[in-house]
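>>> quick one: sequence and predicted model below, then my questions.
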Number of protein chains: 2
Amino acid sequence: MNDIVDLLQRHRSIRQFKQEPVSEEALEAIVRSAQMASTSSNVQAYSVIAVTRAETKRALSVLAGNQRSVAECPVLLVWCADLRRNRLACEREGVEMVSDTMENFIVATVDTALAAQNAAIAAESLGLGIVYVGGLRNDLREVTRLLDVPELVYPVFGMCVGYPDHESSVRPRLPVRAVLHRESYDRAGQQEALEEYDQTTRDYYLERTKGKRATTWSQDMGEKFKRPARDYMRTYLEEQGFRFDR
Amino acid sequence: MNDIVDLLQRHRSIRQFKQEPVSEEALEAIVRSAQMASTSSNVQAYSVIAVTRAETKRALSVLAGNQRSVAECPVLLVWCADLRRNRLACEREGVEMVSDTMENFIVATVDTALAAQNAAIAAESLGLGIVYVGGLRNDLREVTRLLDVPELVYPVFGMCVGYPDHESSVRPRLPVRAVLHRESYDRAGQQEALEEYDQTTRDYYLERTKGKRATTWSQDMGEKFKRPARDYMRTYLEEQGFRFDR
């Protein structure tokens, strides 16, 4: 359709990187692009920590469940939801910030994700590859300690950035009709779409693993959601000063 | 730097649209691009409702605080965090989904935002303009009723899409050094950056309003955060079946 749509639709995660560093110029272009993403009422409620020190990346890699890509990428971007800067601004005006709402938590989390996705696109347009690292949420207390993350800030995810050192296949997504609803939410259409996608996923794994893996999406989701995920999160976020009372 | 970085850095919200409709082909390219964004463990925990019916857009426009762009855009995309499809998948496997964690709420909200931002970029690459509509969160109960949004789904924001019918300026963002931290979170650097940005914002408004508005970012933030924001949110989300106990 055009080069940009092509780039977006060719996205795949990159987990092995060349030694080649990411230049300051590229990093700045990436972050400036991130900053131009939309932001709720201009709050810009996020920060990004660029980690290049081998020791820190190694420690974070272990915390993220021994993901080698975190240790081996030239730069790890740690994307943080950040209401602290907004509080500093309020303090400059002598205003006590009211931030004990779910709404503010959502705004900061969404702002962070929008910025990060712009960064991902900018990076890929420069020939770099990325992978999001949700595994950083395995142990946010330790990540917070390592990166000196203050109150009203929490790391939402990491992002490895570097020049790709492998090819990687584009993973098939849900059928469009499962995700795109017309005029109102289509409850009825989901089962049929899942049926189709289960088959697609099974075929994809079969081919990719030469017959060793044959799970469907439903099986993968069953495995994933049968146990509580990262159930320290609420307590951790409260330790960071976030509140969810209303 | 390149066309894509240029596109990202030229982003500005568009609030007035030509009558020209968005073609099915364009809509599908936008949604397919959204789907190729990264997703946590392939959960793809989002849905998007494309609203084109005038009556529905009008009703949503009122709910969003009488935003004319919502009534007047050819298509309003309502981006929803959606764990319901994942539960359907679990049910197909006879698994009872455990979704009472803050973690699952974060995953669904982030997945939605990443997809939406890809959609925004795809739309802009096709010559369309967009504006995010956080105002939909003013009254999510009514939005939920209008769009028949089921349990384990919540509308995170809207997005007006259409061909731009006005020029609009690019709003200056925080200095890069406020947002980009090196190796660990830089607490000390914020005040100086805020000082600079307050001046930038003030100058921007002065010029744009021909001297009628001269607020700083800190003033804007003080105004915004002195009151609780959308404080029904926690209760609403629980009505939709989300839980935040851990």
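Now that the structure is in, tell me what you want to look at. Numbering: from 1, shown residues only, chains lettered A, B, ... in the order given.
>>> list the strands paired with the longest strand seen in chain A, with their directions.
Longest strand in chain A by number of residues, with DSSP state E as the criterion: strand A:153-162. Looking at strand A:153-162 with DSSP bridges, its partner strands are strand A:75-82 (antiparallel), strand A:129-133 (antiparallel).
>>> tabulate the ones you listed in JSON lines, adding columns for mean neighbour count.
From N, CA and C alone the C-beta is placed, and that goes for glycine too. As requested, these are arranged in JSON lines below (neighbours: other Cβ atoms under 10 Å in any protein chain shown):
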{"stretch": "strand A:75-82", "mean neighbour count": "26"}
{"stretch": "strand A:129-133", "mean neighbour count": "26"}
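>>> out of those strands, flag the one nearest residue B:70.
With Cβ to Cβ as the measure, strand A:75-82 is the member of those nearest residue B:70 (26.5 Å).
>>> can you show me the CA trace of that closest one as PDB?
What follows is the C-alpha trace of strand A:75-82 in PDB, where atoms were taken according to Å, rounded to 0.1, in the frame of the first residue of the first chain:
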ATOM      1  CA  VAL A  75      20.800  -0.700  24.300                       C
ATOM      2  CA  LEU A  76      17.900  -1.600  26.500                       C
ATOM      3  CA  LEU A  77      15.200   1.000  26.700                       C
ATOM      4  CA  VAL A  78      13.200   0.800  29.900                       C
ATOM      5  CA  TRP A  79       9.800   2.500  29.400                       C
ATOM      6  CA  CYS A  80       8.300   3.900  32.600                       C
ATOM      7  CA  ALA A  81       4.900   5.300  33.400                       C
ATOM      8  CA  ASP A  82       5.800   8.600  35.200                       C
END
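>>> pLDDT (mean, whole number) over it?
Averaged across strand A:75-82, the pLDDT comes to 98.
>>> which SSE is immediately downstream of it?
Tracing the chain C-terminally past strand A:75-82 and defining elements by DSSP states H and E, one meets helix A:84-92 next.
>>> and that following helix with strand A:153-162, angle?
What separates the directions of helix A:84-92 and strand A:153-162 is an angle of 140 degrees, with axes from the mean of the first three to the mean of the last three Cα atoms, to 10 degrees.
>>> touching chain B at all, helix A:84-92?
Yes. Contact between helix A:84-92 and chain B, assessed by Cβ under 8 Å from any Cβ of the partner chain, occurs at A:84-90, A:92.
>>> per the record, what domains does chain A have?
As given by automatic domain parsing, the domain ranges for chain A are A:3-169+A:228-239, A:176-215.
>>> longest single helix anywhere in chain A?
helix A:102-125 (DSSP state H).
>>> quick one: it to chain centroid distance?
8 Å (Cα atoms, centre = their mean, to the nearest Å).
>>> quick one, helices of chain A?
Counting by DSSP H, the segments of chain A that form helices are A:3-9, A:24-35, A:54-63, A:68-72, A:84-92, A:102-125, A:140-146, A:176-179, A:190-208, A:217-225, A:233-239.
>>> buried deepest among the ones you listed, which one?
Mean neighbours per residue, mean count of other Cβ atoms under 10 Å in any protein chain shown, is largest over the helices of chain A for helix A:102-125, with a mean of 26.
>>> now the angle from that helix to strand A:75-82?
Our comparison of helix A:102-125 with strand A:75-82, counting by the same axes, to 10 degrees, yields an angle of 160 degrees.
>>> okay, the angle between helix A:102-125 and helix B:217-225?
Using the same axes, to 10 degrees: helix A:102-125 against helix B:217-225 is 130 degrees.
>>> tell me the mean pLDDT over helix A:102-125?
Helix A:102-125 carries an average pLDDT of 98.
>>> run the contact check for it versus chain B.
Yes. Counting by Cβ under 8 Å from any Cβ, contacts between helix A:102-125 and chain B involve A:102-104, A:106-107, A:109-110, A:113-114, A:116-118, A:120-122, A:125.
>>> tell me which two of the residues you listed sit farthest apart.
Spatially, the most separated pair among those is A:102 and A:125, at 34.8 Å (Cβ to Cβ).
>>> closest one to residue B:72 among the strands paired with strand A:153-162?
Closest of the strands paired with strand A:153-162 to residue B:72 is strand A:75-82, at 32.4 Å (criterion: Cβ to Cβ).
>>> mind checking how far that closest one is from the chain centre?
Strand A:75-82 has its average C-alpha position 9 Å from the chain's average C-alpha position, going by Cα atoms, centre = their mean.
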